[in-house]
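1. Next come a sequence and a model predicted from it.
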Amino acid sequence: MDGTASDTIPTNLRLLLVLEEVARVGVPVTPTEVNAQLGLPKPTIHRLFSTLEDEGFLQRDIDGRAYSPGRRLRGMATGVLSSLRIRAARLAVLRKLSDQVGETCNIALPDRDSMIYLERVETEWPLRIQLPVGTTVPFYCTASGKMYLSTLPKTHLARYATSEHLVKKTDNTITVPDDLIRAVSTVRRDGFAVDTEEFMDGMIAVAVPILDGNDRLVATLSFHAPTIRFTVEKALEYLPALRDAATDLSSLLRD
C-alpha cells in the first residue's frame, strides 16, 4: 500500500491492515517497518501496535523492538486452518498418505515455543505413538520443530539455540547449541527433517514443510513410527510421497 494514501485508510481497517502486514512479512517486525507500507502518522502506528499487544494479538520479540503474532492471532490462524471445508480435504490427503506409509501422519503448527498438533490420522497398528491433536512438542528435538527452525533467519536461530533450555529427552537429544545450529542448517539445505529417537526412545519421524502462497512455512507434515517397524533409511524412502502430500496441502491454502 502506498504510504501517501494513509488518509484514505478507514480507522476501523487500520488494526486489520497492521495484522495483515505482520502476517505477510512472516518474521518479527517493527512498527516502523510495517508503517513503510501503510504510511500512517508515527504516533498512530505506535498506538495501534500498543493496542494489539495489550489485547494479545501481537507480542514483543526478545529484542524488545520487534513484534510477532501473539496468542490471539495464532489462535485465529489455527481456527482458519481448522475450518470444515479445508479440514475435509486435509483429512483425505492425510488418510491417503497414512495408507501409503502405513504409519500415523500429522500436521503441526508452530506456536510461540513449541509445535502443536493440528491434525492426525492414526495407523491401524496396535502399537502406536500417542501424540493426540493439541499436543505440544519442543522445536529442538522433533522433526517438525527442526523443520520450523530451519526457516528462521540465522540470527534468530542462534538466539533460540543459545536461549532455549535444551532438555535431554533421550540419549540422542541435541543439547549443545552449536550442534543444534548445525543440524538445523542441514535441514535447511535438504528441505526435510528427521527425528532419530531425539524426542522419544524407540520413535523416529520425518517432516516436510507445508507452504503458503508466498512459499513460507505455515505448518509441517510428518509421520512417525516405532523403530521396531521403521529405520530412518526406510522412512526416507517415503519422502517423495510426503512431499507430494505437502504440495496437495499447500494448494488448499491457496485455493
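-> Structure received.
2. so what's the residue nearest to residue 104 when sequence neighbours are not counted up against?
-> With CB to CB, 6 or more residues apart in numbering as the criterion, residue 104 has its nearest non-adjacent residue at 4.7 Å, and that residue is residue 123. Yep, even glycine has a C-beta here, placed from its N, CA and C like the rest. By CB atoms under 8 Å, 6 or more residues apart in numbering, residue 123 lies in contact with 98, 102, 103, 104, 225.
3. bridging residues for the last one?
-> Looking back up the chat, that one is residue 225. Counting by DSSP bridges, residue 225 forms beta bridges with residue 204.
4. from memory it sits against residue 236, does it?
-> No. At 12.0 Å, residue 225 and residue 236 do not qualify as touching, with contact defined as CB atoms under 8 Å.
5. neighbour-wise, which of these two wins?
-> residue 225 (26 against 13; other CB atoms under 10 Å).
6. pLDDT value on the more buried one, please?
-> You'll see residue 225 listed with a pLDDT of 91.
7. do residue 145 as well
-> pLDDT at residue 145 comes out at 96.
8. Check which helix or strand it maps to.
-> Assigned by DSSP states H and E, residue 145 falls within helix 143-149.
9. And residue 241, by the same measure?
-> Assigned by DSSP H and E, residue 241 belongs to helix 239-254.
10. For that helix, output the C-alpha coordinates as CSV.
-> Extracted C-alpha coordinates of helix 239-254, given in CSV (Å, rounded to 0.1, in the frame of the first residue of the first chain):
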residue,chain,number,x,y,z
LEU,A,239,10.0,-38.8,1.3
PRO,A,240,8.6,-38.3,-2.2
ALA,A,241,5.1,-39.3,-1.0
LEU,A,242,5.4,-37.0,1.9
ARG,A,243,6.4,-34.1,-0.3
ASP,A,244,3.6,-34.8,-2.8
ALA,A,245,1.1,-34.7,0.1
ALA,A,246,2.6,-31.5,1.4
THR,A,247,2.2,-30.0,-2.0
ASP,A,248,-1.5,-31.0,-2.0
LEU,A,249,-2.0,-29.5,1.4
SER,A,250,-0.2,-26.3,0.4
SER,A,251,-2.6,-26.0,-2.5
LEU,A,252,-5.6,-26.0,-0.1
LEU,A,253,-4.3,-22.8,1.4
ARG,A,254,-4.1,-21.1,-2.0
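11. how close does the residue most central in space within the chain get to residue 166?
-> In the chain, the centroid-proximal residue (CA atoms, centre = their mean) is residue 110; its distance is 3.2 Å. Here the criterion is CB to CB, to the nearest Å. By it, residue 110 lies 18 Å from residue 166.
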